[in-house]
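K.L.:
I'd like to go over a predicted model; first the sequence, then the structure.
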Amino acid sequence: RPVLLSVICHPPQNYPLYIRSVPTENELKFHYTVHTSLDVVDEKISAMGKALVDQRELYLGLLYPTEDYKVYGYVTNSKVKFVMVVDSSNTALRDNEIRSMFRKLHNSYTDIMCNPFYNPGDRIHSRAFDNMVNSMMMQVC
């Protein structure tokens, strides 16, 4: 029952720019989980307040666990939110590995933003980005 869901949300409306899940069943359930987690991300950001602005990397860690999944969050300095949902039975994943996966996602997202043909705020359609996410998913699952 391996699951990894990667979501990138654009501020301030929090609409998804990229969603990828394995397997693709129950995708609607994951959309609900992601939107719930975005509220938790906003709460964490407002609770951290000014201290959050001073950090270069904004890894939020475990947002909340459910019976079946663990939801992790990451926010860039430009308030772009990354959410990752992993199967809670996957005990091999440590916090530093999740942090590393978010860094890879952030670096690949930065590469997309540097593309002169990409309009910020558009959904992400990039073969290189898909390949990076797929390799991450294979590593985790």
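P.N.:
Everything's here; your move.
K.L.:
first to last residue in stretch 6-15, what's the distance?
P.N.:
14 Å (CA to CA, to the nearest Å).
K.L.:
Now that stretch: buried residues?
P.N.:
The neighbour-count check on stretch 6-15 (16 or more other CB atoms under 10 Å) flags 6-10, 14 as buried. Yep, even glycine has a C-beta here, placed from its N, CA and C like the rest.
K.L.:
which one of those residues sits closest to residue 135?
P.N.:
Distance to residue 135 across the buried residues of stretch 6-15 (CB to CB) is lowest for residue 6, with 11.9 Å.
K.L.:
Return the backbone torsion pair for the residue lying closest to the closest one once chain neighbours are set aside.
P.N.:
With CB to CB, 6 or more residues apart in numbering as the criterion, residue 6 has its nearest non-adjacent residue at 4.9 Å, and that residue is residue 20. Backbone dihedrals for residue 20, given as degrees, to the nearest 10, come out at phi -140, psi 130.
K.L.:
And for residue 20, the neighbour number?
P.N.:
Other residues within reach of residue 20 by the criterion other CB atoms under 10 Å amount to 17.
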